[in-house]
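Novice: below is the structure, and that's it, no one-letter string:
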């Protein structure tokens, strides 16, 4: 499976397969963040693994100084087009989340839509948290939006199919070595494209322990973008607001 994220997030199909992660979800999460933390007027915000830049642009519209980065140049091109379309001040660049080449102090760091747990080792997966511990101001916030492992284990759909733009999309899922793995097969006329996903399943307590190791403590926990309180057994997502 290797570096699956390089191929999958760079593909032309990624945003189509995840079209259900629509602007309504982004808007709800945006409001959830704003309603639960106090961001200084001149705050500097880092959107880590920003994807197509929806959240970066929304925060920049409020006057914050926003930097977003992602490894996928394909998604960054979409972000750049959106930025130009709405004349946004958000700044985007390409970077691996394990080695972020900037030294700035931020008031808020975002890691949203399960942009976490892709790598084989804990040190790689928590490299962003290590970075945040050194580059987040005292009293600053880290918003962490991740899948809920217990929900995934109990509700895993092993196989599903759908049609998007006359393309047949087959998704097969399994849990192996405490990772949720997905195979995505896209059939387009006589062509067949194959991609993978693999995400480490960190428990709620493991996340809290590792963040505490880097100097963070949880102040609020939610189980979905509507702001319902997190329940380890039933919540779809694990959204935690950490403070330094």
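Specialist: Okay, I see it. This is a predicted model, so every value here is computed, not measured. Residues are numbered from 1 along each chain as shown.
Novice: mind checking the SS state of residue 226?
Specialist: coil (DSSP: H, G, I helix; E, B strand; the rest coil).
Novice: can you count the residues close to it?
Specialist: 11 (other Cβ atoms under 10 Å). (Each C-beta comes from the backbone N, C-alpha and C, glycine too.)
Novice: show me where the chain has helices.
Specialist: With DSSP state H as the criterion, the chain has helices at 4-10, 14-17, 23-36, 54-61, 73-85, 122-125, 127-135, 149-155, 204-213.
Novice: most tightly packed of those?
Specialist: Comparing these by mean neighbour count (mean count of other Cβ atoms under 10 Å), helix 54-61 comes out on top with a mean of 23.
Novice: return the distance of stretch 127-142 from the chain's centre.
Specialist: Distance of stretch 127-142 from its chain centroid, counting by Cα atoms, centre = their mean, to the nearest Å, is 16 Å.
Novice: now swap in stretch 1-16 and tell me
Specialist: Per Cα atoms, centre = their mean, the centroid offset for stretch 1-16 relative to its chain is 14 Å.
Novice: show me the contact partners of the worst-scoring helix or strand of the chain on mean pLDDT.
Specialist: Within the chain, no helix or strand scores below helix 14-17, which has a mean of 85 by mean pLDDT, DSSP states H and E. Helix 14-17 is contacted from outside by 8, 52, 72, 74-75, 78, 164-165, 167, 169, 171, 184, 186, using Cβ atoms under 8 Å, 6 or more residues apart in numbering.
Novice: check the residues you listed against residue 130 and report the nearest one.
Specialist: Nearest to residue 130, judged by Cβ to Cβ, of the contacts of helix 14-17 is residue 72 at 22.3 Å.
Novice: wouldn't that closest one be in contact with residue 9 here?
Specialist: Yes: applying Cβ atoms under 8 Å as the test, residue 72 and residue 9 come out as touching, 3.8 Å apart.
Novice: what do those two both touch?
Specialist: Joint contacts of residue 72 and residue 9 (Cβ under 8 Å, 6+ apart) are residue 51.
Novice: and the top strand by length along the chain, how far out from the chain's middle?
Specialist: Longest strand in the chain, counting residues (DSSP state E): strand 136-147. Offset of strand 136-147 from its chain centre (Cα atoms, centre = their mean): 13 Å.
Novice: cool, and stretch 106-119?
Specialist: Centroid separation for stretch 106-119 versus its chain: 5 Å, with Cα atoms, centre = their mean.
Novice: contacts for the longest strand of the chain next, please.
Specialist: Residues from elsewhere that reach strand 136-147 (Cβ under 8 Å, 6+ apart): 29, 33, 37, 39, 105-114, 116-117, 129, 132, 180, 199, 201-202, 207, 211, 216, 236-244.
Novice: domains of this structure?
Specialist: According to automatic domain parsing, the chain comprises the domains 4-147+203-243, 152-197.
Novice: could you measure from the spatially closest residue to residue 80 that is not a sequence neighbour over to residue 47?
Specialist: Once flanking residues are discounted, residue 80 sits nearest to residue 92: 6.0 Å by Cβ to Cβ, 6 or more residues apart in numbering. Distance of residue 92 to residue 47, computed by Cβ to Cβ, to the nearest Å: 9 Å.
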